[in-house]
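K.L.:
Build me a model:
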Amino acid sequence: MKQFKRVIQIPIKNCGVTIPKFFLNFHKQYFQQTVLSILVLVSLHSTCFAQSPYKLDLNREAIIFGAGIGLTVLSFSLNDDIEPLTIDEINSLNRDNINSFDRRATINYSQTEGLYSDILLVTSILSPALLALSGEIENDFTTAVTMYFQTLLLAEAIPFVSKGITQRVRPFAYNDNAPLKDKQNRNAKRSFFSGHTTTAFAMAVFLSTVYSDYNPHSEWKTLVLATSLTLASAVGALRYSSGSHFPTDIITGAIVGSAIGYFIPFVHRKEESNLDVLFGINSNGSVINLQYKF
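P.N.:
Prediction:
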């Protein structure tokens, strides 16, 4: 059957981004390490000869990493502009103004459960390291690690952009049992949507998808998927019980995270993926080409 290809061109326009002092002072080292990691991964690409269900493309990897870093810079700029709640604003908060689906979250507050969610989040971020136990993936290290960092970068950046734009007040701000100092922290206005849940589900879906693609006939695929999603769900549940997020924050994070965790392996597949992300230049300037075969 003859294949047809549809090309969508997205122009890239010049735009200025002001990097806040907050980003420069506290995240310069993180930014440098991220860029260094990208350069190392690209340099290692030519050394990977193992058979793999995935393939790397320098243009596509540059676009994905560039988008992730750009969103990270934007997120710090947006969050740096958040003004903490004033005493009057805190006193005027009324849980009756919250929709009925989310309202019950305002009675929750637990620093301990918040700490547990942090621990489980770190566990979920490290969980893809288990893929190294597979011989096929061990021999295709560069490809797997590249996709992992792309997934993690997008899962961290996208919710943070949303937080800076929406500035939704967290549930614990409505709770009299929560310390005033926590309510007056700018973090109290970063509820939508849950970054913990987004990252946890991104890692869960990434882990299970990559494992399945490398081991399509494995009898462990269902167990890997169930275990990773259970861990991610536990993170979301603790973000709710700690008073950090509303149910809509958590559900949104789970959906976005799952989409990211599946999308990155999908666009790297050799055969199954019909989507190509390319960078080019035409008479109108630089463009991103999204090509889909059908």
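
K.L.:
count of neighbours near Thr227?
P.N.:
16 (other C-beta atoms under 10 Å). Glycine gets a C-beta too; all of them are placed from N, C-alpha and C.

K.L.:
let me redo that: Ser92
P.N.:
The number of residues near Ser92, taken as other C-beta under 10 Å, comes to 10.

K.L.:
wait, what's in contact with it?
P.N.:
Residues counted as contacts of Ser92 (C-beta atoms under 8 Å, 6 or more residues apart in numbering): none.

K.L.:
Now do the same for it: its pLDDT.
P.N.:
On pLDDT, Ser92 comes in at 96.

K.L.:
if I look at it, how far off is Thr86?
P.N.:
9 Å (C-beta to C-beta, to the nearest Å).

K.L.:
Just give the number of residues close to Ile260.
P.N.:
23.

K.L.:
in this protein, which spans are helices?
P.N.:
Ranges of helices within the chain are 21-44, 58-80, 87-92, 100-103, 111-126, 135-138, 141-166, 180-183, 195-214, 221-241, 247-268, based on DSSP state H.

K.L.:
what packs against the last one?
P.N.:
Counting contacts by 3 or more C-beta pairs under 8 Å, 6 or more residues apart in numbering; DSSP states H and E, helix 247-268 packs against helix 58-80, helix 100-103, helix 141-166, helix 195-214, helix 221-241, strand 275-282.

K.L.:
coming back round to it: next, format the helices of the chain as JSON lines and append distance to Ala173.
P.N.:
As requested, the helices of the chain are exported to JSON lines (distance: least, C-beta to C-beta, whole Å):
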{"stretch": "helix 21-44", "distance to Ala173": "22"}
{"stretch": "helix 58-80", "distance to Ala173": "17"}
{"stretch": "helix 87-92", "distance to Ala173": "7"}
{"stretch": "helix 100-103", "distance to Ala173": "13"}
{"stretch": "helix 111-126", "distance to Ala173": "14"}
{"stretch": "helix 135-138", "distance to Ala173": "44"}
{"stretch": "helix 141-166", "distance to Ala173": "14"}
{"stretch": "helix 180-183", "distance to Ala173": "5"}
{"stretch": "helix 195-214", "distance to Ala173": "17"}
{"stretch": "helix 221-241", "distance to Ala173": "15"}
{"stretch": "helix 247-268", "distance to Ala173": "13"}
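
K.L.:
weakest of the ones you listed by average pLDDT?
P.N.:
When I compare those, helix 21-44 is least confident, with a mean of 46.

K.L.:
what's the closest residue to Pro247 other than its chain neighbours in contact with, if anything?
P.N.:
Nearest residue to Pro247 in three dimensions, chain neighbours excluded: Asp102, at 5.7 Å (C-beta to C-beta, 6 or more residues apart in numbering). The contact partners of Asp102, taken as C-beta under 8 Å, 6+ apart, are Pro171, Phe246, Pro247, Thr248.

K.L.:
What is the neighbour count of the closest residue to Thr199 other than its chain neighbours?
P.N.:
Nearest-residue entry for Thr199: Ala155, 4.5 Å, with adjacent residues in sequence omitted and distances by C-beta to C-beta, 6+ apart. The tally of other residues near Ala155 (other C-beta under 10 Å) stands at 27.
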